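1. Any chance you could fold what I've pasted below:
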Amino acid sequence: MNNFEEMFRIAKEAMNQSNIKEKNHRVGAAVLGKSGKIYSGCCFISIPQDYCAERVAILKAVSEGEKKIDSVLITWYGKLGRIEGPCGICLNSLWQLSNNSKLKIILWPTKEKKPLVKEIKDFYPYPYTPSNI
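-> From the prediction side, this is the model:
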């Protein structure tokens, strides 16, 4: 099993932990750290604010000591078209933990047979990097 398939499996499992009642609105994510470890995340609403699945996975990675990430996979129930990529806050978080315009962002909805693989520069061509990072 390659990393994308393992990340997809982990993200699908995480998606089911979301507190969103409507199944079709749940999102799961898996972040691959430079260490080779995969961190999962799911979306939450109103705890006390909303959190994207990829941000939850990023925070898990950082809280467990990961310093850099290699890629992120995002999944949801359905097909491409409903979600086309991470939000701005998640993109900035991904950029800060990778500092790599070629960071892979993998979109793999549950009803697609294969993933769509992009790079962060496709979504975030002019990244913001604070000087203190």
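
2. Give the buried residues for stretch 15-23.
-> Buried residues in stretch 15-23, counted by 16 or more other CB atoms under 10 Å: 15, 18, 20. In short, each C-beta sits where N, CA and C put it, glycine included.

3. residues in contact with that stretch?
-> Residues from elsewhere that reach stretch 15-23 (CB atoms under 8 Å, 6 or more residues apart in numbering): 26, 27, 28, 42, 43, 44, 45, 47, 53, 75, 76, 77.

4. mind running it again at 10 Å?
-> 25-29, 40-47, 50-51, 53, 56, 74-78, 110 (CB atoms under 10 Å, 6 or more residues apart in numbering).

5. Any idea which helix or strand in the protein has the lowest mean pLDDT?
-> helix 88-98 (a mean of 90; mean pLDDT, DSSP states H and E).

6. and it, what other elements does it pack with?
-> strand 27-33, helix 53-63, strand 69-76, strand 104-107, helix 120-123 (3 or more CB pairs under 10 Å, 6 or more residues apart in numbering; DSSP states H and E).

7. Quick check: which of the ones you listed is buried the most?
-> Of these, the one with the most neighbours on average (mean count of other CB atoms under 10 Å) is strand 27-33, at a mean of 27.

8. What residues of the helix or strand following it count as buried?
-> Using DSSP states H and E, the next helix or strand after strand 27-33 towards the C-terminus is strand 38-42. Within strand 38-42, the residues scored as buried using 16+ other CB under 10 Å are 38, 39, 40, 41, 42.

9. Thank you kindly, that will do.
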